[in-house]
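Undergrad: Got a predicted structure plus its sequence, pasted below:
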Protein chains: 2
Amino acid sequence: MAENRKATVYVRLKDGVLDPQGVTIQKALGQMGYNDFLSVRSGRFFELEVNADAADVEQRIDEVCSRLLANPVIESYKVELNS
Amino acid sequence: MAENRKATVYVRLKDGVLDPQGVTIQKALGQMGYNDFLSVRSGRFFELEVNADAADVEQRIDEVCSRLLANPVIESYKVELNS
């Protein structure tokens, strides 16, 4: 039965892919005196509310991730169903 | 003793703060035929590696969050120590 369900999708750059935003933040931290921060990697997450069948919801979200939310060439994603 | 520790910081807009990126994604999904996505909220996360004492690490990360990673006026953050 279709119900409102919540999910969170975490999108991050694959290991080995350069993360200029993370590098910039790490440098900025160094300039602020926080030299003990050795590395910073950045990512995005999306909190989704979707009206779907329990059987369907994972596949729908997976589709949306690879078509819009993430770039599968350089990014990986993880889906977490909250309810 | 100072050790390398990993932490993840999740930064999101406070409830009630308009999220134009989320709204845009939700509209784009609608145009692609995904009308069952009722709402989308976006956020950022940062994977940090920090060399610090166990007693110190949470406070260091907290400082960095409110000074650089998040805007406390409109955003809230959550710190998760991974090791």
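TA: Done, it's in. A quick note: this is a predicted structure, and the numbers were derived from the prediction, not measured.
Undergrad: in the least confident helix or strand in chain A by mean pLDDT, what counts as buried?
TA: The weakest-scoring helix or strand in chain A, judged by mean pLDDT, DSSP states H and E, is helix A:54-64 (a mean of 93). Buried residues in helix A:54-64, counted by 16 or more other CB atoms under 10 Å in any protein chain shown: A:57, A:60-61, A:64. (Glycine included, C-beta is placed from N, CA and C.)
Undergrad: which among these are in contact with chain B?
TA: By CB under 8 Å from any CB of the partner chain, the members of the buried residues of helix A:54-64 lying near chain B are A:60, A:64.
Undergrad: List the buried residues of the next helix or strand after the least confident helix or strand of chain A.
TA: Next helix or strand after helix A:54-64 toward the C-terminus (DSSP states H and E): strand A:75-81. Residues of strand A:75-81 classed as buried: A:75, A:77, A:79 (neighbour count, 16+ other CB under 10 Å).
Undergrad: Just the closest of those to B:Thr8, please.
TA: Set against B:Thr8, the nearest of these by CB to CB is A:Tyr77 (15.2 Å).
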